[in-house]
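Chemist: Return a 3D structure for these sequence lines:
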Amino acid sequence: GIQVMIYIILIASILLLSYIKLNGLKGYKIPKISFCNELQNEIIQQVVIHCGGDPSKLETFNT
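Modeler: Numbering: from 1, shown residues only. Below you'll find the predicted structure:
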């Protein structure tokens, strides 16, 4: 179980660092929040599409 958690943390760290580099952001805290918001919106949009809904009617959760 510990090895799985280490892999999950490494994958999440690599994704976050890639997001920061690709978007030319600085720091860690605000880019992490932005990354989480964008990921949440994308997941919700894909679930709505999978269930046959209209993703254009969704509100985003970026605050």
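
Chemist: Keeping just the C-alphas, turn stretch 48-57 into PDB.
Modeler: C-alpha atoms of stretch 48-57 as PDB (Å, rounded to 0.1, in the frame of the first residue of the first chain):
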ATOM      1  CA  VAL A  48     -21.800  14.800 -18.200                       C
ATOM      2  CA  ILE A  49     -20.900  13.800 -21.700                       C
ATOM      3  CA  HIS A  50     -20.800  10.100 -20.800                       C
ATOM      4  CA  CYS A  51     -24.200  10.400 -19.300                       C
ATOM      5  CA  GLY A  52     -25.700  12.000 -22.400                       C
ATOM      6  CA  GLY A  53     -25.900  15.600 -21.000                       C
ATOM      7  CA  ASP A  54     -25.000  18.900 -22.600                       C
ATOM      8  CA  PRO A  55     -21.600  20.100 -21.200                       C
ATOM      9  CA  SER A  56     -22.200  23.700 -22.400                       C
ATOM     10  CA  LYS A  57     -24.900  24.100 -19.700                       C
END
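
Chemist: Name the residues that touch it?
Modeler: With Cβ atoms under 8 Å, 6 or more residues apart in numbering as the test, stretch 48-57 has contacts from 45, 58. C-beta here means a position set from N, CA and C on the backbone, and glycine is covered the same way.

Chemist: any idea what residue 24 is structurally, helix, strand or coil?
Modeler: coil (DSSP: H, G, I helix; E, B strand; the rest coil).

Chemist: State the distance from it to residue 38.
Modeler: 15 Å (Cβ to Cβ, to the nearest Å).

Chemist: These two: who's more crowded?
Modeler: More crowded of residue 24 and residue 38, by other Cβ atoms under 10 Å: residue 38, with 15 against 6.

Chemist: What's the first helix or strand after the host helix or strand of residue 21?
Modeler: For residue 21, the host element (DSSP states H and E) is helix 2-22. Of the helices and strands lying after helix 2-22 in sequence (DSSP H and E), the nearest is helix 29-50.

Chemist: Report the inter-axis angle for that following helix versus helix 2-22.
Modeler: In terms of direction (axes from the mean of the first three to the mean of the last three Cα atoms, to 10 degrees), helix 29-50 departs from helix 2-22 by 100 degrees.
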